[in-house]
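> With the sequence up front, the predicted model follows.
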Amino acid sequence: MTDFSTSSASTAPDRTPRRVRHDLRFRQLTVKSAQRVTPHLIRITLTGDDLAGFTSPGFDDHAKIFFPDATTGKLTLPTAGPEGPVWPASGRPTMRDYTPRRHDAKAGTLEIDFALHEAGPATQWAEQAKPGDVVGVGGPRGSFIVPTEFDWHLLIGDDTALPAISRRLAELPASSRAVVLAEVDSEADEIPFDTQAELTLKWVHRRGTEPGLSPVLLDALKAMQLPAGDFHAWVGCESAIAKALRAHLVGERGANPKWTRASGYWRRGAVATHDTHDE
């Protein structure tokens with residue numbers, strides 16, 4: 001008699017991502033602290049009663065940050081309607097997408113990292129933020145949950161992806177292996193990562209080249225020797241570069257397209273963009 005109880009079909013790890021939807025809420029929060037972490041990174045810690053019920057289970061979740069009017073200081077937030085946000089007649093504020101770096105429900109705090117790429121409204125607000133300032137947060141509206149049961153994990157990104165990379169590394173179990181390729185301007189912009197996983201970390205530096213124009217990420221990936229085994233690849237950076245990185249991974253390095261997630265966190269010459277380069 002054949003025993004099928006230990007067949008590969010029954011023991012194969014579940015590597016199917018799942019999407020989770022969340023109730024849409026808009027919150028007015030207050031700056032608790034502002035910290036210059038590196039020359040090009042400011043960490044804003046937010047707090048407030050409205051933070052109750054906040055949830056962000058996906059490491060690359062995006063929340064919408066609403067900034068107060070630069071002249072009046074007034075913050076305009078929508079209400080949540082059945083089809084999405086409903087805006088008042090006064091109009092919409094400046095808003096941008098950011099990954100929640102850390103949410104501490106017990107402490108009632110939410111950390112948002114601002115990568116300082118250019119002197120836009122988000123950068124200007126972050127550089128001037130001080131305790132007591134108000135800001136709005138909407139979402140996340142949904143989360144993409146990626147299983148950890150892979151032979152290893154590849155994480156690639158620029159400054160804007162550091163919060164997501166940090167979160168993924170923090171949630172990987174001790175039995176995991178991770179390879180990180182991260183781009184910043186210089187050694188002064190490197191940050192520590194907290195993880196139980198076996199970590200191979202490579203920093204690359206653009207050395208004053210304008211963000212989104214340096215080839216260092218793709219060049220470094222082409223030169224890297226990657227581990228054997230089934231892996232999940234995640235990419236977050238300037239949109240055209242993210243697309244090129246994914247094409248190299250799938251076309252030249254044997255990455256499974258279903259296990260390769262690439263996002264354009266920003267796009268040169270455009271504002272408030274978020275592109276997805278998956279199949």
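That came through, no problem.
> and Ile241, that one's in a helix?
Yes - in this structure, Ile241 lies within a helix as judged by DSSP: H, G, I helix; E, B strand; the rest coil.
> which residue packs closest to it, ignoring adjacent ones?
Counting by C-beta to C-beta, 6 or more residues apart in numbering, the nearest residue to Ile241 once its immediate chain neighbours are dropped is Leu217, at 6.0 Å. Where you see a C-beta, it was placed from the backbone N, CA and C, and this is true even at glycine.
> and if you look at Gly58?
Nearest residue to Gly58, sequence neighbours excluded (C-beta to C-beta, 6+ apart): Ser143, at 3.2 Å.
> Can you give me the distance of Val146 to Pro68?
35 Å (C-beta to C-beta, to the nearest Å).
> ok, these two, which is more surrounded?
In this comparison of Val146 against Pro68, neighbours counted by other C-beta atoms under 10 Å, the higher total goes to Val146 at 21 against 18.
> With adjacent residues omitted, what lies nearest to the more buried one?
Distances taken as C-beta to C-beta, 6+ apart place Pro17 nearest to Val146, at 5.1 Å, with adjacent residues excluded.
> Who are the contact partners of that neighbour?
Going by C-beta atoms under 8 Å, 6 or more residues apart in numbering, Pro17 touches 144-147.
> just those now: which is nearest Ala233?
Val146 (10.4 Å; C-beta to C-beta).
> pLDDT weak spots in the stretch 51-200 of the chain?
In the predicted model, the stretch 51-200 of the chain carries pLDDT under 70 at residues 119.
> one more time with 50
Per-residue confidence for the stretch 51-200 of the chain (pLDDT under 50) gives no ranges below the cut-off.
> Tell me where it has strands.
Listed in chain order, the strands found in the stretch 51-200 of the chain under DSSP state E, counting those that start in this stretch are 63-66, 79-81, 84-86, 95-98, 100-104, 109-115, 134-138, 142-145, 152-157, 177-184, 198-205.
> Can you point out the buried residues in the third one?
Just to be clear, that refers to strand 84-86. Neighbour-count burial for strand 84-86, counted by 16 or more other C-beta atoms under 10 Å, picks out Pro85.
> which other helices and strands contact that strand?
With contacts defined as 3 or more C-beta pairs under 8 Å, 6 or more residues apart in numbering; DSSP states H and E, strand 84-86 has these neighbours: strand 79-81.
> Only the C-alpha atoms, please, for stretch 59-72, written as CSV.
As requested, C-alpha coordinates have been extracted for stretch 59-72 and formatted as CSV (Å, rounded to 0.1, in the frame of the first residue of the first chain):
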residue,chain,number,x,y,z
PHE,A,59,5.2,45.4,4.7
ASP,A,60,4.9,47.6,1.6
ASP,A,61,1.5,49.1,2.5
HIS,A,62,0.9,52.7,1.5
ALA,A,63,-1.0,55.3,3.5
LYS,A,64,-2.0,58.7,2.1
ILE,A,65,-0.5,61.6,3.9
PHE,A,66,-2.4,64.9,3.7
PHE,A,67,-0.5,68.1,4.3
PRO,A,68,-1.9,71.3,5.8
ASP,A,69,-2.1,74.4,3.6
ALA,A,70,1.3,76.0,3.5
THR,A,71,-0.1,79.5,3.9
THR,A,72,-3.0,79.1,6.3
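> if we can go back for a sec, so which of the strands of the stretch 51-200 of the chain is nearest Lys243?
Go through those one by one with C-beta to C-beta and the one that ends up closest to Lys243 is strand 152-157, at 12.4 Å.
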